[in-house]
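J.: Quick one, structure for this:
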Amino acid sequence: MSSVKMAIIGAGNVGKAIARAATRAGHEVVITSTDPDRTRAVADELAATAGSSNADAVRDADLVVLAVPYHAVAAVADEVADGLAGKPVIDATNPLAADGSGLAVTDRSGAEAVQEALPGAFVVKAFNTVFAANQADPVVDGTQLDGFFAGDDDAAKAVVAQFLSAAGYRPVDAGDLAAARALEHMAFLNIALNARNGWAWRSGWKLVGPTG
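T.: Numbers count the residues shown, from 1 in each chain. Take a look at the predicted model:
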């Protein structure tokens, strides 16, 4: 994958990990968040650029990553929608209920809601099934993790698949954006297992057996 300009919205654990993967792969990264001090610290650590606003960050980006809490997506979408026409957007969020008891969506995925909020963009669900601890280094006990992704636009999915591969994953195309429902449930199951069993938040998903 040739170098692209990436805007990563969110400088928490997920945003930082994906930014690390992106800079390692040679991409030009602008990162933003609601905490300017943290944004600058993360940008300095990763040789990225701290953006002045979400809207400015996405304006010149070739690829945008949403790495914010799901409850913040609507506000972010209002800020950036005009600058995303025709651009691929990775939705790395998981629509967790406020009390952590399950998902906050029922008849559709959070990614489908993101697509509705960003009608001009091409939303691709990706990175949500992997914990932040593994996102920049997707190998667990010597096993390469799978990078599941789902979306409706083939060109946007191809861009995301290339980024996943460059970041160290085996890309796995889960289908159209409706398949994000399954990916979000996979993510919640992994979260619930770690929370319930006191695991180390390093477990990940890998399909085994013939896939060709």
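
J.: alpha carbons only for contacts and neighbour counts from here, please
T.: OK.

J.: helices and strands around the strand or helix carrying V65, which ones?
T.: Applying DSSP states H and E as the criterion places V65 in strand 63-66. For strand 63-66, the elements it packs on are strand 5-9, strand 88-91, judged by 3 or more C-alpha pairs under 8 Å, 6 or more residues apart in numbering; DSSP states H and E.

J.: Quick one: name whatever helix or strand follows it.
T.: Following strand 63-66 in sequence order, the next helix or strand is helix 73-80 (DSSP H and E).

J.: now that next one against strand 5-9, angle please.
T.: 140 degrees (axes from the mean of the first three to the mean of the last three C-alpha atoms, to 10 degrees).

J.: Would you point to the one among the helices and strands packed on strand 63-66 that's packed deepest?
T.: Mean neighbour count (mean count of other C-alpha atoms under 10 Å) peaks for strand 88-91 among the helices and strands packed on strand 63-66, with a mean of 27.

J.: chain center to that strand, what's the gap?
T.: 7 Å (C-alpha atoms, centre = their mean, to the nearest Å).

J.: Tell me which strands that strand pairs with, and in which orientation.
T.: strand 63-66 (parallel), strand 122-126 (parallel) (DSSP bridges).

J.: Now do the shortest one: everything it contacts.
T.: Contacts of strand 63-66 with the rest of the structure, by C-alpha atoms under 8 Å, 6 or more residues apart in numbering, involve 4-10, 15, 58, 73, 87-93.

J.: And for N134, the neighbour number?
T.: Neighbour count for N134, taken as other C-alpha atoms under 10 Å: 19.
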